[in-house]
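K.L.:
sequence-free structure coming up:
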């Protein structure tokens with residue numbers, strides 16, 4: 001199976017390493033040639049996980065995106081949601097019928113990327129799928145070295161357009177065997193995204209310590225009882241939005257991440273994350289992805305969907321407002337929303353048709 005992995009972050013390196021070690025032919029693309037040089041020269045990623053330390057060979061690291069995606073059955077893009085539009089524009093001349101793009105997670109990037117592809121003249125019949133979390137809890141420890149704390153065991157995944165879900169999810173399942181769980185469509189997949197639920201309370205309610213201390217672990221010191229109560233209230237709003245759209249259980253409640261083995265990362269994932277020490281790090285409040293992505297895009301999107309449906313989302317809206325005041329950025333204007341995507345005027349029936357048929 002030929003797979004293209006795109007991006008330069010923690011998840012992209014984990015994808016390239018894990019999929020290569022599983023016997024896939026991986027073409028790994030990154031735009032920044034200087035930052036990519038250690039991998040371009042050495043063609044290996046050093047992996048640290050529960051099995052130990054080893055070097056994993058990557059078939060084709062490249063800065064040529066056309067070379068990366070040519071002939072690939074699956075394109076895995078664990079890039080930040082704010083990079084999706086530019087990535088789609090870069091991909092547009094190179095895609096061919098039948099290819100599947102996988103966004104783990106997506107923040108409704110499946111729709112955004114398809115719209116950009118069509119606007120750029122790409123008519124390839126591709127399917128874009130998104131899931132609820134990154135398939136790895138991972139941190140880079142060097143230019144070509146990663147530490148994987150754990151891997152996802154359940155990935156609720158929806159495809160755009162939904163009419164091609166079966167074929168697309170079959171392709172993705174070859175790369176992530178036993179982990180992919182189909183959901184109704186891409187919007188259902190977007191509303192499984194854990195980042196806009198777990199991260200906004202952590203980054204906003206810990207803003208003082210983040211700005212004061214040189215290093216801070218918001219998953220350890222920053223995860224206190226009061227913050228967990230906000231998590232639960234925010235997640236209840238997400239689930240209410242899902243139910244108003246007719247999406248069925250399981251809704252993957254965030255509480256399972258903390259209290260059971262039934263969530264996306266399985267047994268004791270939060271404890272493993274904290275014990276690793278990899279998230280005890282220097283944080284910049286205003287530039288951190290938990291703010292720029294999970295608040296500015298993910299939480300803003302959740303609020304917009306709730307308001308479009310007439311479903312009360314006071315905790316989400318309140319967090320969005322406080323984050324905007326604290327950062328000096330009005331995320332209602334700058335963030336991702338049904339309004340910014342041009343979908344605020346759609347009826348529920350119109351949205352269902354769009355999700356099923358595509359653009």
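P.N.:
Received, thanks. Please read these numbers as outputs of a predicted model, since none were measured by experiment. Numbering: from 1, shown residues only.
K.L.:
how near is the residue lying closest to residue 255 once chain neighbours are set aside to residue 129?
P.N.:
Of all residues not flanking residue 255 in the chain, residue 232 sits nearest, at 6.1 Å (C-beta to C-beta, 6 or more residues apart in numbering). The way it works is simple: take the backbone N, C-alpha and C, and place the C-beta from them, glycine included. Remark: distance between residue 232 and residue 129 (C-beta to C-beta, to the nearest Å) = 28 Å.
K.L.:
which of these two has more neighbours?
P.N.:
Between residue 232 and residue 129, counted using other C-beta atoms under 10 Å, the more crowded position is residue 129 (30 against 16).
K.L.:
Isn't the more buried one up against residue 161?
P.N.:
No - contact between residue 129 and residue 161 fails when scored by C-beta atoms under 8 Å: they sit 10.4 Å apart.
K.L.:
mind listing what residue 155 touches?
P.N.:
Applying C-beta atoms under 8 Å, 6 or more residues apart in numbering, we find residue 155 in contact with 104, 131, 132, 133, 135, 176, 179, 180, 181, 264.
K.L.:
can you list the residues you listed in TSV and add pLDDT?
P.N.:
Below are the contacts of residue 155 laid out as TSV (pLDDT from 0 to 100):
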residue	pLDDT
104	97
131	98
132	95
133	96
135	96
176	97
179	97
180	98
181	97
264	92
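K.L.:
For those residues, which single residue is the most surrounded?
P.N.:
residue 131 (29 neighbours).
K.L.:
Surely that one touches residue 157?
P.N.:
Yes - if you go by C-beta under 8 Å, residue 131 and residue 157 touch, sitting 4.3 Å apart.
K.L.:
separation between residue 109 and residue 336?
P.N.:
9 Å.
K.L.:
and what of residue 196?
P.N.:
In terms of C-beta to C-beta, residue 196 sits 10 Å off from residue 336.
K.L.:
Which one's more surrounded, the two?
P.N.:
Using other C-beta under 10 Å, the more surrounded residue of residue 196 and residue 336 is residue 196, with 30 against 26.
K.L.:
Overlap of the contact sets of residue 131 and residue 157?
P.N.:
Residues touching both residue 131 and residue 157 (C-beta under 8 Å, 6+ apart): 102, 180, 189.
K.L.:
of all these, which comes closest to residue 355?
P.N.:
Taking C-beta to C-beta as the measure, residue 355 lies nearest residue 189 of the shared contacts of residue 131 and residue 157, at 10.2 Å.
K.L.:
And what about the nearest residue to that closest one once chain neighbours are set aside, helix, strand or coil?
P.N.:
Excluding the flanking residues, the one nearest residue 189 by C-beta to C-beta, 6+ apart is residue 158, at 3.0 Å. What DSSP: H, G, I helix; E, B strand; the rest coil gives for residue 158 is strand.
K.L.:
Check whether residue 158 really touches residue 185, as I assumed.
P.N.:
Yes - with contact defined as C-beta under 8 Å, residue 158 reaches residue 185; the gap is 4.9 Å.
K.L.:
who's more crowded, the two?
P.N.:
Comparing residue 158 with residue 185 by other C-beta under 10 Å, the one with more neighbours is residue 158, at 29 against 24.
K.L.:
give the contact list for the more buried one.
P.N.:
Residue 158 makes contact with 110, 129-131, 165, 182-190, 192, according to C-beta under 8 Å, 6+ apart.
K.L.:
now that we have these, which one has the most neighbours?
P.N.:
Compared across these, residue 130 has the highest neighbour count, 33 neighbours, by other C-beta under 10 Å.
K.L.:
Could you measure from that one over to residue 69?
P.N.:
Distance of residue 130 to residue 69, computed by C-beta to C-beta: 18 Å.
K.L.:
Ok, residue 243 next?
P.N.:
In this view, residue 243 and residue 69 are 37 Å apart by C-beta to C-beta.
K.L.:
quick one: which of these two has more around it?
P.N.:
Neighbours around residue 243 and residue 69, counted as other C-beta under 10 Å, are more numerous at residue 69. The numbers are 23 against 13.
K.L.:
wait, that one sits on residue 27?
P.N.:
Yes - assessed by C-beta under 8 Å, residue 69 is found in contact with residue 27 at 7.4 Å.
K.L.:
list residues touching both of those two?
P.N.:
Here residue 69 and residue 27 have residue 4 as joint contacts, going by C-beta under 8 Å, 6+ apart.
K.L.:
Cool, thanks, talk later.
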